[in-house]
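Trainee: just to be clear, the model below is a prediction. Sequence and coordinates:
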Amino acid sequence: QVQLVESGGGLVQAGGSLRLSCAASGRTFSDYTMGWFRQAPGKEREFVAVIGWAGGRTYYADSWKGRVTVSRDNARNTVFLQIYSLRPEDTAVYYCAANFRGLPRPNNVYNYWGQGTQVTVSS
């Protein structure tokens, strides 16, 4: 089992930035490809970014390129999502997820999910 706990969400004004964190425990973190997703009220879950387990290759959804950066610190068992230029439509719950040794691509089957962290962007 892998336990994932997101943090770093909150209320931010439009144009601001946030860094979300996802702390993992339970297995060897460096063996897991880590993805970030979000889900806005009334909408389907949306892929944001992913970082690979080996070498840290990244992949971003087209709509997010240039506005987010995903990174990981294997020594701290943590993956990060830095979001820039936040917009009110970015208001959503942001989730991290883990995939064992998967490729850094959006359509992985993620075995483990966190509970999410709420991001609210005011106009």
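Mentor: Alright, I've got the coordinates.

Trainee: what pLDDT is listed against the most centrally placed residue in the chain?
Mentor: The central residue of the chain, meaning the one whose C-alpha is nearest the mean C-alpha position (CA atoms, centre = their mean), is residue 36 at 2.6 Å. Taken from the predicted model, the pLDDT recorded for residue 36 is 98.

Trainee: isn't it right up against residue 94?
Mentor: Yes. With contacts counted by CB atoms under 8 Å, residue 36 reaches residue 94, the gap being 6.5 Å. Glycine gets a C-beta too; all of them are placed from N, C-alpha and C.

Trainee: what's the overlap in contacts for the two?
Mentor: 20, 48, 81 (CB atoms under 8 Å, 6 or more residues apart in numbering).

Trainee: out of the residues you listed, which one sits closest to residue 111?
Mentor: Within the shared contacts of residue 36 and residue 94, the smallest distance to residue 111 is 18.2 Å, found for residue 48 (CB to CB).

Trainee: what number of residues lie near residue 20?
Mentor: A total of 25 residues lie near residue 20 under the criterion other CB atoms under 10 Å.

Trainee: likewise residue 65?
Mentor: Burial of residue 65, expressed as a neighbour count using other CB under 10 Å, amounts to 10.

Trainee: now stretch 34-54: buried residues?
Mentor: Using 16 or more other CB atoms under 10 Å as the burial criterion, the residues of stretch 34-54 that qualify are 34-38, 46-53.

Trainee: where's the nearest residue to residue 47 once chain neighbours are set aside relative to residue 10, distance?
Mentor: In this structure, residue 47 finds its nearest non-sequential neighbour in residue 106, 4.3 Å apart by CB to CB, 6 or more residues apart in numbering. When CB to CB, to the nearest Å is the yardstick, residue 106 and residue 10 sit 26 Å from each other.
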